[in-house]
Structures are given as C-alpha cells and as structure tokens.
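Student: this one's structure only:
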C-alpha cells in the first residue's frame, strides 16, 4: 500500500468536528469580533495570553514565521522585561520631580505620539509633545463624558485619542491621553504603554493629593496660629519652616455668608482664592471664614469667585494692611468693616475706605453716646414723642449741603414745611444751622448715631430690622421720598426714622438709651 | 453598502472584514471543518477542538496581514495551524522531558518525537510519522491531509517551492521505508506484538 493511501485512510478515520466544537469555536470567534468592535486590545484577550506564553518559550517558529514577521512584530508585546523597564522609566520620571510632565515625556518618547495629561477637571496639566499638535491645550475635553465604567489605567478610545483614566481609588484624579497623529495608527504596544503611564500617573496624582492635603492642614493650623498664638517668635519660626514671608504686610479678610459657617464655605473660599493667588491662609472663626492675604486682590472679583463657588451671597470685610504682629488688628478691622457694611450697604467693605467711620468706631461706645446725645439727643427724643421727622430732615438738609430746594425735593415736602422744620430744629437744640462748625458737628453726630446703630445691629444678631436714620420713610408717610435709591433691599418696616418706636424685640441699646431719657 | 460574502473570494471577504469584522464568520464557516480535521489528525480530536477555535481567533486578529488578492485562505490558515501545533508540541515536550528526569521513564527512540501525534494514536503510521524530520512531516501532512498544492504549501510555511518538493519526496521515501520495515517486523513476529 502506498504511503499516501495510508495517510488518506488514516484521515478518513478521524471524525468530523462535533457540534459542540463548532459552537465553541464559533463563539470564540464572535468574542474576538466583539472585542474588536468594542476594543480593548489588552484586557480579556485570551489569545494574547497564549501568544505571550509562546513568546516566553523563547524559540519562535522560524519558517512559517517569515510570512507573519511584520505582523507578529506588531502584535508582539514588549515582553515582561520591556514592561518592567518602561515602568522603571515612568517611576523615575515621576519621582525626579517632573511628575506628570515626566510621565508624559517618557510616553511620548516611546510612542512617538502627542501625549496630554489632564486633571480631574479636564485642565491640561502636562504635555509630552506640544509642538506636533498646537491645539494640545484641549478645551473640549471636559465636555466629553467619560465612560461610566472607566476603570483605573484601562485605555479606552475617545474620538481622536486613547484615554486612560487614573483613578486608583475610584475617584478620578486625572487622565492621560495618546493623540492619534493620523499618519501612524495607534498600535497595541502604544496602548499598553499608555496604560502603564496611567498606572504610574495614578500613583503620582494620589501622592500629590495626599501631600497637598497634609500641607493644607498644616497651613490651616498656621493660619489659626497667626491669630491665636501670641508668641510672635514661634509664629515666625513656623512661617520660616513653611517658607512663608511674614515680613510683608497682610490683610485679614472676613467672609460671611448666610447661615452658620460651614466647611463647604471654607472650601469654596479656598478654591476661589487659589484662582487669584498662589498661597492662601484660611482659618474659620465663629462669624465667618478668615482669609489672610499678602497681595492686593481685586476684592470684587474675589467676592464674585466665592459666590460662584459657594453658590450663595457673601459679604466681605477687608481689614487694613498690617504686619504679623498686628494681624489681629487687621481682623478686627475686617470685622468692623463687615458690621458697617449695613451702613454702606455694599457687599464688600474695605476698612481703608471707611474714613471717618473708622475714627468714630475706634471710640468707646460711651464717646459715641456722648457725641450723639450732646448734639442731636433732644431731636431723637422729640421725634419719638411727637412722631415727627426732625432728625431725618436735619440729616437730609446736611447731606444736601444746606440747599433748601434740593432737600425739599428729596423729602417730598414743601419748601416752607422744610423751613419750618429746620427752625424747629434750631429752636429745640439751640444750634445755629448756618454755622459751618456746628453744621459739621451735627453731621458727624448723625453719622455716629448711624454707626452706633449699625454696630449694634450686627452684634445683636437678628436685629437686622432695626430702623436706621437713613432708611426709607415708613409706610405712615408715603409722601416722603426715597433718599437712598441704592438701598432697595432694605425692608420697609425697618425704615422708619429713629423717632418711630420699634417693636420691643428689636429695641437696641441706642433706642433704649433714649427711652430711658424720655421724661415720664 | 451591503456585502454578500457568498460569491466572494476569501481575500475579498477578509479585506471587507477589516471594516466589517462580522464578515469573518464566513471564513470560519468555509474552512472550519477542514482545519479541524487536519488538526484532529495531528493532535487528536480533543486538542483539535481547542486549537481550531484558537486558530480562527488568531486568524481574525492577523487578518490585516492577509493579502486580499489571494483567492484561497487555506494556505494561510494551515500555516497558522502548523505554528499552533509547534507551540503546543513545545509545551508537551517540556512536560515530557521533566517527567523523564524525575520518573526515569524509558526515553523515546527518536529524540524529537512528536508527542502530540503519539498521544493521539500510537498506531504504526503515527510511529512512522514520529520518526520523520519535523520539517518534512509538516510538508508531507499539509500535502496529504491538508490537500494543499506545492505552491500553497510553500506559501503556508514561508519556504521556497523547491524546498517543498525535496522535503516532500524525502518524507515520502522515509515513510515508505519505515512502513515497509514495520510491516516486515510485523510479518516476522508470530504472534504479532501487542501495541502498548
């Protein structure tokens, strides 16, 4: 018998593939097809594992290999040694202080493709090759939704790039992307290297995060110390250790928001401030968040930034610039400015711009009382007893620099009525309204009364409704006009002149003072 | 544009499958039975089930290297099959060597005996095949079991046609001799020795 016949006979005895074998082979192919449709070239690829095994054996097939040499080189993984050495390079690059930039550079060198590293917000924090792609500062990245099932250091195709998310503990810390250059297709090796880079990037970013958290705690302690530790030498040595220059003058900024002071407010203030300055010292006090800054900031911009971050209205009191020893004074300034903000009615009150208010407020309250009492005390008592508006009239007159017409128009009263009232004022108090010096003192007394009330209002917590001198006229007198159109927020019921007797619960020291003085 | 794989050549289907991966199923349906049979002849049915499945997955991955002007994909597929068998044989041989060192089993008569083939069937023919030079055996079996032409075998193994022809004739000669010798031994021995 011919040997070929024997072979044919042998072949004929071999049974055809079973149905199970067909089905299994078919499903293996289907999963390979699906893997390509939804590719992840490295994960869940049993074929690759088997290839790795065969390459590991070392002796590659020679003859048949010729046909596939190019293709096999493409599919061939860099091998265990290659993987380890690349990991070493990534770790060395990250560890040499180059961080994400080092990782991006190494990846770019190995893949010959543009690489960008982004933080969790999508901002580009490092690039491996900016030249080859001018648009690398990618702005539309954040708008690209990340896949829900993004796993740590697993590359996923995303339009013109492969992205690997760095989320070693589930929270996304950043992402590294390999951009398609167009000329060269992304190879499986590139993807593998991208994933290695993302792995190291995850460690790097996590490390940075931990260090930053520790630093923040340290800085917060330091900020608290600035106000609470009276030992200047110790504070200085701590500042020196943190590399902080305390010789510059600093301002304390008190940020107040509605409701109790929350950690969220603090975090919002931190985020907002860090947009404007590199270093920010924060500490929390019972009345708000205190920010210590050395730079002159655009306070309005800061307030806007905080309001955006905190999603609520805030008020800022900015203290004067002081050296370290006097930083507590700056805080006191800031607190005072905030209290006065109801007088100025601006969201931001700079202590520097408070002028005469500052001098008035520096005095003891008894000085204020004395000033108010000796100059306009009689008017306040008279107004309350007769439900008149002499004080308001006087203040308006002084504010209009003694112009009768303008004052009458402001108050919506007839010129003669105004004249009559002013005569009454002169009669009651004995002051001469034509004397410049006396006029100045009257003006000062009116403002002092206002400041006094403002200070009480804030200290009294819920006493926001207390009537103020410059308030809108009460509902009892619809005829009188709005003197201060820039104060639309003031509630009408809190606007009666000082003479109007407020509810008991809203009574303040200044009013009680005149209640006591009232005869009978 | 719809693509009807039925009248297309293997090359056209594979080219199309680069953009429509599902088309590759047609290649599978066309050639699975033949490939499986070839593998089963060489390594036994059970292992052939695994290798054949693996083979088509590998082929699918490697299809970008396939030249689309090629009409028939079989030489390519058989080439992959030969590689898979070799890889498999290597691991089998490692295992076999280790077993020998530790249990002092009798060494095989031929050093590079194809244990996969032997494991399948220790028949006379298998023994004769095992004695063959592996390169000659690949050529011979692609010819006899894979039913490939000389040109196709050359493409399969990536060797020149002349080499195919010389290896084939040597393999046939060798096989004929061995078979004849075994037949003589068989005839001489009464009763015939049982195959272990």
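Tutor: Great, that's in hand. Nothing here was measured: the structure is a model prediction, and the numbers come from that model.
Student: Isn't residue B:158 up against residue B:80?
Tutor: No - shown here, residue B:158 and residue B:80 do not form a contact pair, counting by CB atoms under 8 Å, at 11.8 Å. For the C-beta atoms, the positions are set from N, CA and C on the backbone; glycine is no exception.
Student: any low-confidence regions in the stretch 151-300 of chain A?
Tutor: A:181-183 (pLDDT under 70).
Student: neighbour count winner among residue B:158 and residue B:80?
Tutor: Taking neighbours as other CB atoms under 10 Å in any protein chain shown, residue B:158 and residue B:80 compare with residue B:80 leading, 21 against 16.
Student: Just the pLDDT at the more buried one, thanks.
Tutor: For residue B:80, the pLDDT comes out at 91.
Student: Name the residues of stretch A:285-296 that come out as buried.
Tutor: Using 16 or more other CB atoms under 10 Å in any protein chain shown as the test for burial, stretch A:285-296 gives A:285, A:287-294.
Student: farthest-separated two in these?
Tutor: A:287 and A:294 (22.8 Å; CB to CB).
Student: neighbours around residue A:328, how many?
Tutor: 16.
Student: Now do the same contact list for residue B:146.
Tutor: B:34, B:38, B:74, B:78, B:153, B:156 (CB atoms under 8 Å, 6 or more residues apart in numbering or on different chains).
Student: And for residue B:55?
Tutor: Applying CB under 8 Å, 6+ apart, the residues near residue B:55 are B:35, B:39, B:77, B:80-81, B:84.
Student: how about residue A:163, secondary structure?
Tutor: Put simply, residue A:163 is strand when judged by DSSP: H, G, I helix; E, B strand; the rest coil.
Student: list the contacts for it?
Tutor: Taking CB under 8 Å, 6+ apart as the test, what residue A:163 contacts is A:146, A:155-157, A:175-177.
Student: With neighbour count and distance to residue A:18 added, can I get the contacts of residue B:146 in JSON lines?
Tutor: What follows is the contacts of residue B:146, written out as JSON lines (neighbours: other CB atoms under 10 Å in any protein chain shown; distance: CB to CB, whole Å):
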{"residue": "B:34", "neighbour count": "18", "distance to residue A:18": "15"}
{"residue": "B:38", "neighbour count": "29", "distance to residue A:18": "16"}
{"residue": "B:74", "neighbour count": "23", "distance to residue A:18": "22"}
{"residue": "B:78", "neighbour count": "29", "distance to residue A:18": "21"}
{"residue": "B:153", "neighbour count": "27", "distance to residue A:18": "28"}
{"residue": "B:156", "neighbour count": "26", "distance to residue A:18": "26"}
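Student: wait, which of the residues you listed is closest to chain A?
Tutor: Nearest to chain A among these, counting by CB to the nearest CB, is residue B:156 at 7.1 Å.
Student: which residues does that closest one contact?
Tutor: Contacts of residue B:156 (CB under 8 Å, 6+ apart): A:64, A:67, B:75-76, B:78-79, B:82, B:142, B:146, B:148.
Student: what helix or strand is it on?
Tutor: helix B:150-157 (DSSP states H and E).
Student: Return the set of buried residues in the very next helix or strand once past that helix.
Tutor: Counting by DSSP H and E, the element after helix B:150-157 in chain order, helix or strand, is helix B:161-188. Neighbour counts using 16+ other CB under 10 Å place B:163-164, B:167-168, B:170-172, B:174-176, B:178-179 of helix B:161-188 among the buried residues.
Student: With stretch A:166-183 instead?
Tutor: Buried, per 16+ other CB under 10 Å, within stretch A:166-183: A:166-167, A:172-181.
Student: And for stretch A:248-262?
Tutor: Per 16+ other CB under 10 Å, stretch A:248-262 contains these buried residues: A:250-257, A:261.
Student: Stretch B:147-155 close to chain A?
Tutor: Yes - contact of stretch B:147-155 with chain A (CB under 8 Å from any CB of the partner chain) involves residue B:155.
Student: Thank you kindly, that will do.
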